[in-house]
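> next one to model:
(2 chains)
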There are 2 protein chains.
Amino acid sequence: MEIRNHRLTIAYDGTLFAGWQIQANPATVQGHLERVLERCWGEHLTLYGSGRTDSGVHADGQVASFKAPAKFKSLAALQAALNYYLPPQIRVTRARYAADDFHARFSAKGKEYRYRICNHPFHDPFELNRSWHVPRPLNITAMRQAARLFVGEHDFASFTSNPGYARATTVRRVTRVSISASGPLITVSVRGGGFLYRMVRNLVGALVKVGLGRLTVSEVTQILAAKQRRVAPNTAPACGLYLHKVFYPDNFYQEKPL
Amino acid sequence: MEIRNHRLTIAYDGTLFAGWQIQANPATVQGHLERVLERCWGEHLTLYGSGRTDSGVHADGQVASFKAPAKFKSLAALQAALNYYLPPQIRVTRARYAADDFHARFSAKGKEYRYRICNHPFHDPFELNRSWHVPRPLNITAMRQAARLFVGEHDFASFTSNPGYARATTVRRVTRVSISASGPLITVSVRGGGFLYRMVRNLVGALVKVGLGRLTVSEVTQILAAKQRRVAPNTAPACGLYLHKVFYPDNFYQEKPL
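Numbers count the residues shown, from 1 in each chain, chains lettered A, B, ... in the order given. From the prediction side, this is the model:
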């Protein structure tokens, strides 16, 4: 049987999961998906995500790929079967075929994360676990000034949490940081070629401290220049973070089945 | 000490509660609020809600009133204390003083409910427990035509679920029904002088059947005229319903403490 490469777009409410990456015991998003793939195909299939998300982090545009024999009569039938067996907190929002050399992680050329902040004296009960509650008023103008410092190629060593995850280099290129407000809800969007462990949450932690007036824009410049995690503000909580989009070169998938 | 009448506006995610009305064992919204009032005042205070909401039904504008000696130095301090002790799924969004004869239930002259429908092949994972998932496409034009039939004074006996709750009359005045769509999310807003038990969910159940093409507008006319619950479509699920606003005569509260 012909082996096809599959590309899935996935949304999940990460509240109840121990992150993306498969683990022996706790329920993870990858674990749920691989169990459902095995149920559909009758054999274990390895699913490659574009990257991990931590426990409590959400996604509305995670991408994952796997290779398997063509089995369903259409991609719509495949998508419906996966969603039927998955827990309702995880949805396959799109299923496509991809070129043979497409790999959700290694083919990715960039990502966009979004971070939601509920900036109001009390946390909207419909925003629990879906945004960071910051009760004191944030100065968005100051936050936007600080955000501009992150755009471009920088050594983000001050903004990665765990040295155990250190890669060969802590230099990354951030292409855009934008901050929008809608009522009490503030959304920070960060787009870049790649991100270090907890980098977005650490950037947001610093931006919020600027918004609260507890850190100046020039202090952010110093923190970035210091290249040491210990000088930077705390990590923003997981519940506000969403993996929103993964970018790939255009030629890596086919919309229609061959 | 001077006894003051208090008026609270309350939002809650009803997913985890056994409705509004206090009960012996399961956690209810009224039960949580009365426990917190007792904690703040050191004595039991009875809280009157504008009306009950069923298990799983939400509110973003429930109103409740209670009388108690002035104890907090400001309404902001009272609100902060209540929110501090309440579970995060329940928030007091506003606290005011009211005229002595204000009663959240008996002074109400009308209410607005909103009902959210996720009309998409799969249920958005961030809309679980917050909307009714209707996977097949709804014809909103037909739903709006049927909705117009409900406006005005009618005997809604076909649209109330439990005869045990029957009042002296099943005649009610509906002043407005509007249906809006934003992406896959359809919101039905129903405003009226008063509502029978499960009336809004029963009206929405009929409207959705019309939207699916399984019921004609003229059949809705017949169902309304029949004045019998058994001829009407099923009740829409609780998770889509929100008590949005309670209307009172304007002279029933004072914005500022006396």
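> count the neighbours of A:A236 for me.
Applying other Cβ atoms under 10 Å in any protein chain shown, we find 24 residues neighbouring A:A236. Quick note: C-beta positions are derived from backbone N, CA and C, even for glycine.
> A:V29 too?
Neighbour number of A:V29 under other Cβ under 10 Å is 30.
> pretty sure it sits against A:P87.
No - judged on Cβ atoms under 8 Å, A:V29 makes no contact with A:P87 at a distance of 9.5 Å.
> what helix or strand does the closest residue to chain B within the stretch 151-258 of chain A sit in?
Per Cβ to the nearest Cβ, A:Y242 is where the stretch 151-258 of chain A lies closest to chain B, at 9.4 Å. Using DSSP states H and E, A:Y242 maps to strand A:241-247.
> just A:R4 next, same as before
Applying DSSP H and E, one finds A:R4 within strand A:3-12.
> residue contacts, whichever residue of the stretch 51-200 of chain A sits closest to chain B?
In the stretch 51-200 of chain A, the residue that lies nearest chain B is A:P125 (4.5 Å; Cβ to the nearest Cβ). Contact partners of A:P125, counting by Cβ atoms under 8 Å, 6 or more residues apart in numbering or on different chains, are B:11-13, B:88-91.
> stretch A:148-155: end-to-end distance?
Distance across stretch A:148-155, first residue to last, is 15 Å (Cα to Cα, to the nearest Å).
> just to revisit the earlier point, which two among the contacts of A:P125 are spaced furthest apart?
Spanning the widest gap among these are B:A11 and B:P88, at 11.0 Å by Cβ to Cβ.
> comparing these two, which residue is more hemmed in?
For B:A11 versus B:P88, neighbours defined as other Cβ under 10 Å are more numerous around B:A11 (21 against 15).
> correct me, but that one touches B:A64?
No - in this structure, B:A11 is not within contact of B:A64 by Cβ under 8 Å, at 11.8 Å.
> now do the helices in the stretch 151-258 of chain A.
A:199-211, A:217-226 (DSSP state H, counting those that start in this stretch).
> tell me which of those sits most buried.
Mean neighbour count, computed with mean count of other Cβ atoms under 10 Å in any protein chain shown, is highest for helix A:199-211 among these, reaching a mean of 25.
> would you mind writing the CA trace of it as PDB?
Output of helix A:199-211 as PDB, limited to C-alpha atoms (Å, rounded to 0.1, in the frame of the first residue of the first chain):
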ATOM      1  CA  MET A 199      11.300  32.400  25.600                       C
ATOM      2  CA  VAL A 200       7.900  33.800  24.700                       C
ATOM      3  CA  ARG A 201       6.700  33.500  28.400                       C
ATOM      4  CA  ASN A 202       9.900  35.200  29.500                       C
ATOM      5  CA  LEU A 203       9.500  38.000  27.000                       C
ATOM      6  CA  VAL A 204       5.900  38.600  28.200                       C
ATOM      7  CA  GLY A 205       7.000  38.500  31.800                       C
ATOM      8  CA  ALA A 206       9.400  41.400  31.100                       C
ATOM      9  CA  LEU A 207       6.800  43.300  29.000                       C
ATOM     10  CA  VAL A 208       4.200  43.100  31.800                       C
ATOM     11  CA  LYS A 209       6.700  44.400  34.300                       C
ATOM     12  CA  VAL A 210       7.300  47.300  32.000                       C
ATOM     13  CA  GLY A 211       3.600  47.800  31.600                       C
END
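> and the contacts of stretch A:152-171?
With contact meaning Cβ under 8 Å, 6+ apart, stretch A:152-171 is reached by A:172-174, A:196-199, A:201-203, A:206, A:223-224, A:226-229, A:231-232, A:235.
> near chain B, which residues of chain A?
Counting by Cβ under 8 Å from any Cβ of the partner chain, chain A comes close to chain B at A:11-13, A:58, A:60, A:80, A:83, A:88-93, A:121-126, A:128, A:130.
> ok, 6 Å please
A:11-13, A:83, A:88-89, A:91, A:122, A:125-126, A:128 (Cβ under 6 Å from any Cβ of the partner chain).
> mind saving the C-alpha coords of the helix or strand harbouring A:H32 as PDB?
Using DSSP H and E, A:H32 sits within helix A:29-41. The C-alpha coordinates for helix A:29-41 follow below in PDB (Å, rounded to 0.1, in the frame of the first residue of the first chain):
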ATOM      1  CA  VAL A  29      -1.600  15.900  23.500                       C
ATOM      2  CA  GLN A  30       0.900  13.900  21.400                       C
ATOM      3  CA  GLY A  31       0.000  10.800  23.500                       C
ATOM      4  CA  HIS A  32      -3.700  11.200  22.800                       C
ATOM      5  CA  LEU A  33      -3.100  11.700  19.100                       C
ATOM      6  CA  GLU A  34      -0.700   8.700  18.700                       C
ATOM      7  CA  ARG A  35      -3.200   6.500  20.600                       C
ATOM      8  CA  VAL A  36      -6.000   7.500  18.100                       C
ATOM      9  CA  LEU A  37      -3.700   7.000  15.100                       C
ATOM     10  CA  GLU A  38      -2.900   3.500  16.400                       C
ATOM     11  CA  ARG A  39      -6.600   2.800  16.800                       C
ATOM     12  CA  CYS A  40      -7.300   3.900  13.200                       C
ATOM     13  CA  TRP A  41      -4.400   2.200  11.600                       C
END
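> quick check: buried residues in it?
The neighbour-count check on helix A:29-41 (16 or more other Cβ atoms under 10 Å in any protein chain shown) flags A:29-34, A:36-37, A:40 as buried.
> let me see the mean pLDDT of it.
The average pLDDT within helix A:29-41 is 96.
> ok, A:R144 touching A:S180?
No - counting by Cβ atoms under 6 Å, A:R144 stays clear of A:S180, with 10.1 Å between them.
> who has more neighbours, the two?
Legend: neighbour count by other Cβ under 10 Å for A:R144 and A:S180, higher for A:R144 (17 against 11).
> which stretches of chain A form strands?
A:3-12, A:48-49, A:58-69, A:90-98, A:110-118, A:132-133, A:152-155, A:171-182, A:185-192, A:241-247, A:253-254 (DSSP state E).
> redo those as JSON lines? Include distance to A:T216 and mean pLDDT.
Shown next, in JSON lines, are these (distance: least, Cβ to Cβ, whole Å; pLDDT from 0 to 100):
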{"stretch": "strand A:3-12", "distance to A:T216": "37", "mean pLDDT": "96"}
{"stretch": "strand A:48-49", "distance to A:T216": "38", "mean pLDDT": "97"}
{"stretch": "strand A:58-69", "distance to A:T216": "31", "mean pLDDT": "97"}
{"stretch": "strand A:90-98", "distance to A:T216": "41", "mean pLDDT": "96"}
{"stretch": "strand A:110-118", "distance to A:T216": "20", "mean pLDDT": "98"}
{"stretch": "strand A:132-133", "distance to A:T216": "22", "mean pLDDT": "98"}
{"stretch": "strand A:152-155", "distance to A:T216": "18", "mean pLDDT": "96"}
{"stretch": "strand A:171-182", "distance to A:T216": "17", "mean pLDDT": "97"}
{"stretch": "strand A:185-192", "distance to A:T216": "19", "mean pLDDT": "98"}
{"stretch": "strand A:241-247", "distance to A:T216": "25", "mean pLDDT": "97"}
{"stretch": "strand A:253-254", "distance to A:T216": "45", "mean pLDDT": "56"}
